[in-house]
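Enquirer: Structure here, sequence nowhere to be found:
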């Protein structure tokens, strides 16, 4: 690998952009020092950095690029929309087309588009507070990210600049624990406006948890908000709610919605969503009003992406290729005797891996080493999240690269990870208090 041009450009970028990235998870400190510095282009599941190095990518733009980079039908739909203009003084016809397409898939009554998941989740919370007249929100303690807004970030270690008053308004309960949530309702009678969570992450929800949570919210008059940013269009065409048979009051969608174009959505029941309009004089919720919220190219991308989900076996492919990758990775892990040190977790469509050191505790140093050695072998895999563009050949090449990296990992367990790392270890974005 050559990295000369990337290192020069990285230094310039860090001088202009705090942290050298607009997303913490993409920052330099999240990767080993020899990681590709800046990506120049992508096609399918392959990317090329500014030095011309080619990689098979996993994670796919933080799970946003479900179909593949520069996926031709989506690119063509966007190209056609560009000839018609990108933003107007009044709503465009694409706003209607995209709303109808999305609501027909997810089964909600109304939708409001915006640009990222954080604003969609905050808008959902605002609606819940307006609808219930309450202030508190309950979140799952284990869920790492729901919004960059104060109501959530106040629960993390990166909480500077947030008034103390926010901390008392956000309550936490253990994922999977109906007793934990019940205790919050009991301790705060008539004060919890909403419960917000992802349906599942690495582990499947305990039996009865999600239906029980839904029933508890309705019993106590709280709004049930489901974050489908990751699960939407990966777990199922109808999202996690389609898999688990639940009916949230409000849902938020993004990432895979437009195959990487900037678009997210808040959907939900009409009686709650209508508070974000101005049908009556007493409706005073300033919900979402963004200049670029309904920008035409992103809507065109979403319309085409949803059409592809409905007419092609995208979700089946994600599960099949993820299962193939998990099986081949598992065989290689066993061959190297690393079962106690490397674990592949999650649904096949959304796999993660855990790295452990000699003490068998999670190790950021060994995660960095594994990233480093797979990058050396042409794989960029901060996770093992596949796309519709990952072929059998891509999976086979990936597992071959990991097999080589596992050999280095095994040696590092014996003679020390420091001897094998080319630089400092990567860092966590933040940890829970």
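Expert: Nice, thanks for sending it over. Source: prediction; values computed, not measured.
Enquirer: so what secondary structure elements neighbour the longest helix along the chain?
Expert: If you go by DSSP state H, the chain has its longest helix at helix 392-415. With contacts taken as 3 or more C-beta pairs under 8 Å, 6 or more residues apart in numbering; DSSP states H and E, helix 392-415 sits against strand 54-57, helix 314-335, helix 364-376, strand 379-380. The C-beta positions use only the backbone N, C-alpha and C, and glycine is treated the same way.
Enquirer: Please report how far residue 100 lies from residue 309.
Expert: Going from residue 100 to residue 309 by C-beta to C-beta, to the nearest Å gives 15 Å.
Enquirer: The two: who's more crowded?
Expert: Neighbours of residue 100 and residue 309, each counted by other C-beta atoms under 10 Å, are more numerous for residue 309; the result is 21 against 13.
Enquirer: could you say what helices and strands the helix or strand in which that one is found packs with?
Expert: Using DSSP states H and E, residue 309 sits within helix 296-311. On a contact count with 3+ C-beta pairs under 8 Å, 6+ apart, helix 296-311 meets helix 72-82, helix 93-106.
Enquirer: need the contact list for the residue positioned nearest the centre of the chain.
Expert: In the chain, the centroid-proximal residue (C-alpha atoms, centre = their mean) is residue 230; its distance is 4.4 Å. Contact partners of residue 230, counting by C-beta atoms under 8 Å, 6 or more residues apart in numbering, are 63, 198, 201, 255, 350.
Enquirer: Apply 7 Å and report the result again.
Expert: By C-beta atoms under 7 Å, 6 or more residues apart in numbering, the contact set of residue 230 is 63, 198, 255, 350.
Enquirer: Can you check the pLDDT for it?
Expert: If you check residue 230, the pLDDT there is 95.
Enquirer: what's the distance between it and residue 185?
Expert: When distance is defined by C-beta to C-beta, residue 230 is 27 Å away from residue 185.
Enquirer: cool, residue 372 as well?
Expert: As defined by C-beta to C-beta, residue 372 lies at a distance of 47 Å from residue 185.
Enquirer: related to what we said a few turns ago, would TSV of the helices and strands packed on helix 392-415 with distance to residue 423 and mean pLDDT be doable?
Expert: Output for these, formatted as TSV (distance: least, C-beta to C-beta, whole Å; pLDDT from 0 to 100):
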stretch	distance to residue 423	mean pLDDT
strand 54-57	19	98
helix 314-335	25	98
helix 364-376	8	97
strand 379-380	17	98
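Enquirer: thinking again about what came up before, ranking the contacts of residue 230 by neighbours, who comes first?
Expert: Using other C-beta under 10 Å as the neighbour definition, the contacts of residue 230 reach their maximum at residue 255, which records 25 neighbours.
Enquirer: my guess is that residue contacts residue 67, does it?
Expert: No. The criterion here is C-beta atoms under 7 Å, and residue 255 misses it with residue 67 at 12.0 Å.
Enquirer: wait, which of the helices and strands packed on helix 296-311 is closest to residue 367?
Expert: When the helices and strands packed on helix 296-311 are compared for distance to residue 367 using C-beta to C-beta, the nearest one is helix 72-82, at 32.4 Å.
Enquirer: Could you pull up the contacting residues of the residue nearest to residue 407 when sequence neighbours are not counted?
Expert: Leaving aside its chain neighbours, residue 407 sits nearest to residue 336 (6.5 Å; criterion: C-beta to C-beta, 6 or more residues apart in numbering). Residue 336 sits next to 406, 407, 410 when contact means C-beta under 7 Å, 6+ apart.
Enquirer: And for residue 263?
Expert: Applying C-beta under 7 Å, 6+ apart, one finds that residue 263 lies in contact with 113, 115, 257, 298, 299, 302.
Enquirer: now do 8 Å
Expert: Contacts for residue 263 (C-beta under 8 Å, 6+ apart) come out as 113, 114, 115, 254, 257, 298, 299, 301, 302.
Enquirer: Okay, and the beta partners of the closest residue to the fourth one other than its chain neighbours?
Expert: Counting by C-beta to C-beta, 6+ apart, residue 254 lies nearest to residue 264, which is 3.3 Å off, once chain neighbours are set aside. Listed by DSSP bridges, the beta-bridge partners for residue 264 are residue 114.
Enquirer: I'd say residue 264 and residue 119 touch.
Expert: Yes. Applying C-beta atoms under 8 Å as the test, residue 264 and residue 119 come out as touching, 7.2 Å apart.
Enquirer: Just list whatever residues bridge to the residue nearest to residue 274 when sequence neighbours are not counted.
Expert: Among residues not flanking residue 274 along the chain, residue 110 sits closest, at 7.0 Å (C-beta to C-beta, 6+ apart). Legend: beta-bridge partners of residue 110 under DSSP bridges are residue 268.
Enquirer: burial count for residue 110?
Expert: By other C-beta under 10 Å, the burial measure for residue 110, its neighbour count, is 18.
Enquirer: same thing with residue 362?
Expert: Each residue near residue 362 was counted by other C-beta under 10 Å, and the total is 12.
Enquirer: list the contacts for it?
Expert: Going by C-beta under 8 Å, 6+ apart, residue 362 touches 354, 355, 356.
Enquirer: Can you check the pLDDT for the last one?
Expert: pLDDT recorded at residue 356 is 98.
Enquirer: And for residue 280?
Expert: The predicted local distance difference test score for residue 280 is 68.
Enquirer: Of all the helices and strands in the chain, which has the lowest average confidence?
Expert: Scoring the helices and strands of the chain by mean pLDDT, DSSP states H and E places helix 150-153 at the bottom, with a mean of 90.
Enquirer: tell me how far that helix is from the chain's mean position?
Expert: Taking the mean C-alpha point of helix 150-153 and that of its whole chain, the gap between them comes to 17 Å (C-alpha atoms, centre = their mean, to the nearest Å).
Enquirer: Show me what it is packed against.
Expert: The criterion is 3+ C-beta pairs under 8 Å, 6+ apart, and the helices and strands that helix 150-153 contacts are helix 117-132.
Enquirer: Quick one: the strands in the stretch 151-300 of the chain, in order.
Expert: Taking DSSP state E, counting those that start in this stretch to define them, one finds strands in the stretch 151-300 of the chain at 170-173, 192-198, 223-227, 250-253, 264-268.
Enquirer: want to throw those into TSV with distance to residue 321 and mean pLDDT?
Expert: Formatted as TSV, these follow (distance: least, C-beta to C-beta, whole Å; pLDDT from 0 to 100):
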stretch	distance to residue 321	mean pLDDT
strand 170-173	35	97
strand 192-198	22	98
strand 223-227	25	98
strand 250-253	23	98
strand 264-268	25	98
